[in-house]
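Colleague: I'll drop the sequence and a predicted model, then ask my questions.
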Amino acid sequence: MNTQTHFGFEQVDEDDKARRVADVFDSVFRRYDLMNDLMSGGLHRLWKAFAVDRGGVREGSRVLDVAGGTGDLSLAFARRAGKSGQVWLTDINNAMLTRGRDRLTDKGVLLPVAQCDAENLPFPGNYFDCVSVAFGLRNMTRKERALAEMFRVLRPGGRLLALEFSRVWKPLAPLYDFYSFKIIPRIGNLVVRDEASYRYLAESIRVHPDQEALKTMMESAGFEKVEYFNLAMGVVALHRGFKL
């Protein structure tokens, strides 16, 4: 019998989740960045900038951007790591990865890219100074395995940055739920003609581990000094942990 996992509020076989998540991003990749701006009012740019600032990346650093999508964090890290550094843009979804590579190329930034599964990273152990995953962890089938892989490829002293939607401040929950389930799918329908994918994205936030639960998962994977920063009253949280 296959193990079950969440696909939004639906229970599906683990082996089926990756395919269904791929279908979501194959559908939305062309206007993914526009939708991010519309849904967050542009705040996602500030959240990502905050994450990069907490990454400690400097000239010569090696950085792995997991589930890097259209390359926002990779671009910011590349500017900090400089010509002597190395930033890898990775994603499991070919359409998203191709769009990210093309966006970076258009900006004159050439980075190594790799299509790969976060649960089985094709990189040596103890290699990267920083690993980032922004708004991708909740779509992964086996989050514990992905976190263990991110821990493996970090060098001692390296850090993981996990930026993800989380639990909003409780008094705001009713308003946030209304926006998530009533407004965002309608925007998705208008902009990309795909209401269902954005309903899934709203649902996936609700079944993702909250701030304390994700902190515990990171500690179980071996990370130390794990802390999190609530942004926008908990709509988003940045978790940071170190491999010591």
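Modeller: Received the coordinates, thanks. Numbering: from 1, shown residues only.
Colleague: what's the following helix or strand after the host helix or strand of Phe50?
Modeller: Using DSSP states H and E, Phe50 maps to helix 43-53. Scanning forward in sequence from helix 43-53 by DSSP H and E, the next helix or strand is strand 62-66.
Colleague: what's downstream of that following strand, the next helix or strand?
Modeller: Next along from strand 62-66, by DSSP H and E: helix 72-81.
Colleague: ok so, going back, which residues does the helix holding Phe50 contact?
Modeller: Outside helix 43-53, the residues that touch it by Cβ atoms under 8 Å, 6 or more residues apart in numbering are 36-37, 40, 72-73, 76-77, 80, 132, 134-135, 161, 163, 229, 231-232, 236, 238. Glycine gets a C-beta too; all of them are placed from N, C-alpha and C.
Colleague: What about those, which are in helices?
Modeller: For these, the ones inside helices are 36-37, 40, 72-73, 76-77, 80, with DSSP state H as the criterion.
Colleague: for the host helix or strand of Glu149, which positions count as buried?
Modeller: Using DSSP H and E, Glu149 sits in helix 143-153. Buried residues in helix 143-153, counted by 16 or more other Cβ atoms under 10 Å: 143, 146-147, 149-153.
Colleague: Closest one to Pro185 out of those residues, please.
Modeller: Taking Cβ to Cβ as the measure, Pro185 lies nearest Lys143 of these, at 24.8 Å.
Colleague: which residue sits closest to that closest one, ignoring its sequence neighbours?
Modeller: Spatially, and ignoring its direct neighbours in sequence, Lys143 is nearest to Leu137 (6.0 Å; Cβ to Cβ, 6 or more residues apart in numbering).
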